[in-house]
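Colleague: Just need the structure, nothing else, for what follows:
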Amino acid sequence: MSFNTLGIAPELLKAIDEQGYAAPTPIQLEAIPIGLEGRDIVGSAQTGTGKTAAFMLPILQRLAIGPRGVLRALVLVPTRELAEQVLTSTRDYGRHTGLSAAAIYGGVRMDPQTAALRRGTDIVVATPGRLLDHMGRGHVDTSRLEVLVLDEADRMLDMGFAPDVNRILDSLPAKRQTMLFSATISSDVDRLARRALQDHAAVEIGRRAEAAEGVEHMLVAVDWADKRGVLARLLSEIPDDGRTLVFTRTKHGADRLARHLRREGAEATALHGGMTQSLRNRALDRFRGGTIRTLVATDVAARGIDVDDIVMVVNYDVPEDAEIYVHRVGRTARAGSRGVAREAHEAHLPPWSGHRLRAERRTDPAGRAAGTAGAAPGTVAPSAPRSRAHALIPRSTAAGGRHDGRFAGSIRPPRAGCDAAVFSLRSLIPLSPIERSPWFAVAWSVRS
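Modeller: Numbers count the residues shown, from 1 in each chain. Prediction:
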């Protein structure tokens, strides 16, 4: 199947060809024809599967006919980085249409944005808070709006933008086309869709809260004191032309870890919400350009990262839930490529935090089974080939006492010099606190 079969205008097909797109992705194949019909859409697909083109190509084709220089399409996004990414894609796809676009987001001066709005622009890509600021000052006229897009809706709600989004919805014309796109569809997103859309078509590619198929998931169990050292060794295994994205929980943690990696000789920098927009843009430009190979980021700041050749994502700090994990690892294995995801988990803690990491059976190149996870608490895990895996036993179980949720001492490697273990992960499943079990049975060696 090619883009030529989807009913896309020649000027858009020319731009698509110039971007090097050979064939539509599944979400594009399903959503573009519906969007061209003018219907409302709820689209769900893994991160990195081309959702931007899925909604922007129908918008550009619709707006190519009609008045120019008035706001006819609005795209709401959760972060400034994503706003810039969508703006860049809009200009790339619409380069032969003559349509204009602008990005409206916080962290920068309002004056240039105000000037762009007063000149007149066909498409506005905005974060909710800054858009409301401009609307309150009378800079935005939505009376002729034809299309609304809620992009990355799940993250927008996670970040607390629901009141702002609802205020914006109340100010828009009731007669419009609305498209909602999200990597995951939660109950909150479902409620937003029911409020914002009418008689919509649903396009769901893959299961909800599912990571991209091209990602190899591994859990790295480490002692706290060895965590930075293990990260450095993981980074050293990446090819010279590869890029790695490392996630931390806080902006201060991102700064500290980036400084440590630089002291160790790694090309690394931080990206977080505490940085000015110019510094964030500079960090992203250096990462995209290959000047630095490792970007240490927080979840909010990394939401708009669109770099195709990220070969590894490392969760230095464990994500709070499965959906955050999906968004993080979606930075790699984009557009059908392959990548790896590593989660550094401190061995003295329960090996999950609000979600279950289910290890799957692995087989080494010689065909020997490496063992499985999931032994019951208080029992000894099944044995595995000595050269490939080893068991982790809860400390209190080893001592014959009550299980206190901690592991016994340091990890016992299959051979000297290896201070970490790795689990192969099949899925992340939400788990209630009552069901949580601080137990892993068999670990896979980093140096296997």
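
Colleague: For Thr127, grab the count of nearby residues.
Modeller: 24 (other CB atoms under 10 Å). In short, each C-beta sits where N, CA and C put it, glycine included.

Colleague: Hmm, I typed the wrong one, I wanted Gln277.
Modeller: With neighbours defined by other CB under 10 Å, the count for Gln277 comes to 15.

Colleague: residues in contact with it?
Modeller: Taking CB atoms under 8 Å, 6 or more residues apart in numbering as the criterion, Gln277 is in contact with 80, 107-108.

Colleague: Could you report the neighbour count for Gly43?
Modeller: Other residues within reach of Gly43, judged by other CB under 10 Å, total 28.

Colleague: Run through the neighbouring helices and strands of the host helix or strand of it.
Modeller: Per DSSP states H and E, Gly43 falls inside strand 41-44. Identification of packing neighbours for strand 41-44 by 3 or more CB pairs under 8 Å, 6 or more residues apart in numbering; DSSP states H and E yields helix 26-36, helix 51-63, strand 177-182, strand 201-204.

Colleague: Please identify the buried residues of it?
Modeller: Of all the residues in strand 41-44, those buried under the rule 16 or more other CB atoms under 10 Å are 41-44.

Colleague: cool, stretch 267-285 as well?
Modeller: Buried positions in stretch 267-285, judged by neighbour count with 16+ other CB under 10 Å: 267-272, 275, 280-281, 283-284.

Colleague: gap between the two ends of that stretch?
Modeller: Start-to-end span of stretch 267-285 (CA to CA, to the nearest Å) is 14 Å.

Colleague: May I have the residues that are in contact with Asp40?
Modeller: With contact set as CB under 8 Å, 6+ apart, Asp40 has these partners: 177-179, 197-201.

Colleague: Compare the residues you listed and tell me which has the most neighbours.
Modeller: Met179 (29 neighbours).

Colleague: hang on, the earlier thing: which of the contacts of Gln277 fall in helices?
Modeller: Taking DSSP state H, the ones among these that sit in helices are Arg80.

Colleague: Reformat the contacts of Gln277 as TSV; add neighbour count, distance to Arg130 and pLDDT.
Modeller: As requested, the contacts of Gln277 are arranged in TSV below (neighbours: other CB atoms under 10 Å; distance: CB to CB, whole Å; pLDDT from 0 to 100):
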residue	neighbour count	distance to Arg130	pLDDT
Arg80	24	9	89
Gly107	14	8	86
Val108	16	9	89
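
Colleague: which residue ranges form the strands in the stretch 251-400 of the chain?
Modeller: With DSSP state E, counting those that start in this stretch, the ranges of strands along the stretch 251-400 of the chain come out as 268-271, 294-297, 310-315, 339-346, 355-359, 389-391.

Colleague: ranking these by mean pLDDT, which is last?
Modeller: Here the strands of the stretch 251-400 of the chain differ in mean pLDDT, and the lowest is strand 389-391 at a mean of 28.

Colleague: Distance check, Gly273 against Gly229.
Modeller: According to CB to CB, to the nearest Å, Gly273 stands 28 Å off from Gly229.

Colleague: Please apply the same query to Glu343.
Modeller: Glu343 sits 16 Å away from Gly229, going by CB to CB.

Colleague: Val70 too?
Modeller: 58 Å.

Colleague: could you give the angle of the helix or strand containing Val86 to helix 51-63?
Modeller: Counting by DSSP H and E, the secondary-structure element that holds Val86 is helix 80-93. Angular relation of helix 80-93 and helix 51-63 on a 0 to 180 degree scale: 50 degrees, by axes from the mean of the first three to the mean of the last three CA atoms, to 10 degrees.
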